[in-house]
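Asks: sequence unknown, structure follows:
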Ligand code: PA5
């Protein structure tokens, strides 16, 4: 289940001694993290989470998931950012991007409250018609506008369709242990609640109830997920760059960044990884992108995007490096059969699994991109299973924290996320924002 890093395709771009030169700053970041003495040290709950999680709540999550599987056709997880990406990514990776369309004995799982689109919410409401619906509203702060609006609409829908008493049994709340309007509402109405621990920030919260309840509802093995993360926690606790692939990944991306690579493009050759890349983009973008610094995290699916972004990666300005996530065991296999007429000229592939063709696409691409001036780091994930995913989640979280400390930022805050919210509230006329409203409207020419 262990994730490994193959750095051979950056060899022409980074000299051996450059990596060695990073050891001191990696060790210092490691010590800061483990001694809990660095910036944002009140948000380090994720570090020990794979072993120190709340076992009683974990049992309640499994019990709630079993109940939901028995009484629900459509399960809606309401949340945004760290309160939805991890769960959605895990379900798409472990089950399928087509999970909802598959024949199965678990509920369809939809995600709401991650935009302010009435079309998206209306579509979801129409999918609920005639179905047994349950809702999990997830918000650490309990005040985020997007999920609050979606919850208001979906709660009213549920109360109207099944009645207020039955709705109470179908609403699950994941929020702060004690604070916030959502917690107060849940206590008043008697909704079952789960906790986002105080010391775990949104984007580091997938292995708490935030991610675990929707993931378990979809029929994934959350015990195996935590076991994979626990293995990573044990194996990635040594600062030695020669043996710790997580830290080597952090160090190499930092070296490439210092050499002028401003963009890290996470690529995968399996479409089921697409949402994991979205999760990674939030994790790294919000953790590193501050104080005028940071790598811009972008993503692509190959070979799909070799027919779009591929031209730029091969031949455009050398602003990026790639991090390829390779799933060593294809999630499922298909063997290419012989065509008696060989109209497409592909009979030389007869008997070959598609994973073999995909592997050659990767090998050809990584060499072509190196020739074009784009280096690639390769992360190997053994399989699309829970244990490997748990390991990878922890690996990427820890590499992110080490990277942030090496960059000299607080990897655990997100001050930039507030700016748009303040402007939006002012423009919407929220009480208390009168002065800002006037100033912003003047800038908009109103
Ligand atoms: O990483 C973060 O903290 C953010 O992206 C949050 O997850 C996101 O803003 C949602 O916040 P909340 O869970 O408070 O609704």
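Replies: In hand now; what should we look at? A quick note: this is a predicted structure, and the numbers were derived from the prediction, not measured.
Asks: so what's residue 373 closest to, chain neighbours aside?
Replies: residue 318 (4.5 Å; CB to CB, 6 or more residues apart in numbering). No exception for glycine: its C-beta is placed from N, CA and C like everyone else's.
Asks: can I assume that neighbour sits in a strand?
Replies: No. Checked against DSSP: H, G, I helix; E, B strand; the rest coil, residue 318 lies outside a strand; its state is coil.
Asks: contacting residues around the residue of the stretch 151-300 of the chain found nearest the ligand?
Replies: Residue of the stretch 151-300 of the chain nearest the ligand, by CB to the nearest ligand atom: residue 202 (2.2 Å). Applying CB atoms under 8 Å, 6 or more residues apart in numbering to residue 202 gives the contacts 81, 82, 83, 140, 196, 210.
Asks: ramachandran angles for the residue nearest to residue 373?
Replies: phi -80, psi 70 (degrees, to the nearest 10).
Asks: which element is residue 344 on?
Replies: Assigned by DSSP states H and E, residue 344 belongs to no helix or strand.
Asks: quick one, phi/psi of the nearest residue to residue 235 once chain neighbours are set aside?
Replies: Nearest non-adjacent residue to residue 235, counting by CB to CB, 6+ apart: residue 2, 6.5 Å away. Here the main-chain torsion angles of residue 2 (degrees, to the nearest 10) amount to phi -70, psi 140.
Asks: pretty sure residue 2 contacts residue 229?
Replies: No. Using CB atoms under 8 Å, residue 2 is not in contact with residue 229; the gap is 11.9 Å.
Asks: touching, residue 288 and residue 413? I think so.
Replies: No. Between residue 288 and residue 413 there is no contact under CB under 8 Å: 11.6 Å.
Asks: residue 120: what secondary structure?
Replies: Assignment for residue 120 (three-state DSSP): helix.
Asks: could you report the neighbour count for it?
Replies: Residue 120 has 16 neighbours, counted by other CB atoms under 10 Å.
Asks: now do the contacts for it.
Replies: residue 112 are the contacts of residue 120 under CB under 8 Å, 6+ apart.
Asks: for the stretch 201-350 of the chain, what lies in contact range of the ligand?
Replies: 201, 202, 203, 286 (CB under 6 Å from any ligand atom).
Asks: any chance of the residues you listed in CSV with secondary structure as columns?
Replies: Listed next are these as CSV, based on three-state DSSP:
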residue, secondary structure
201, coil
202, helix
203, helix
286, helix
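Asks: pLDDT and distance to residue 408 added to those residues, as TSV?
Replies: Putting those into TSV (pLDDT from 0 to 100; distance: CB to CB, whole Å) gives the following:
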residue	pLDDT	distance to residue 408
201	96	19
202	96	22
203	97	19
286	97	16
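Asks: weed out the non-buried ones from these.
Replies: 201, 202, 203, 286 (16 or more other CB atoms under 10 Å).
Asks: with distance to residue 396 added, can I get those residues in JSON lines?
Replies: Output for those, formatted as JSON lines (distance: CB to CB, whole Å):
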{"residue": "201", "distance to residue 396": "14"}
{"residue": "202", "distance to residue 396": "15"}
{"residue": "203", "distance to residue 396": "11"}
{"residue": "286", "distance to residue 396": "13"}
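Asks: out of the residues you listed, which comes closest to residue 428?
Replies: Closest approach between these and residue 428, by CB to CB: residue 202, at 22.9 Å.
Asks: the closest residue to residue 429 other than its chain neighbours: what's it in contact with?
Replies: With CB to CB, 6+ apart as the criterion, residue 429 has its nearest non-adjacent residue at 6.4 Å, and that residue is residue 437. By CB under 8 Å, 6+ apart, residue 437 lies in contact with 426, 427, 429.
Asks: check the gap between residue 437 and residue 419 for me.
Replies: For residue 437, the distance to residue 419 equals 15 Å [CB to CB, to the nearest Å].
Asks: for residue 288 and residue 413, indicate the residue with more neighbours.
Replies: residue 288 (23 against 15).
Asks: excluding its backbone neighbours, what's nearest the more buried one?
Replies: residue 294 (3.7 Å).
Asks: what's the pLDDT at that neighbour?
Replies: As predicted, residue 294 sits at a pLDDT of 97.
Asks: what sits against it?
Replies: Residue 294 is in contact with 285, 288, 407, 409, counting by CB under 8 Å, 6+ apart.
Asks: the third one: neighbouring residues, count only.
Replies: Summarising burial for residue 407: neighbours were counted as other CB under 10 Å, giving 22.
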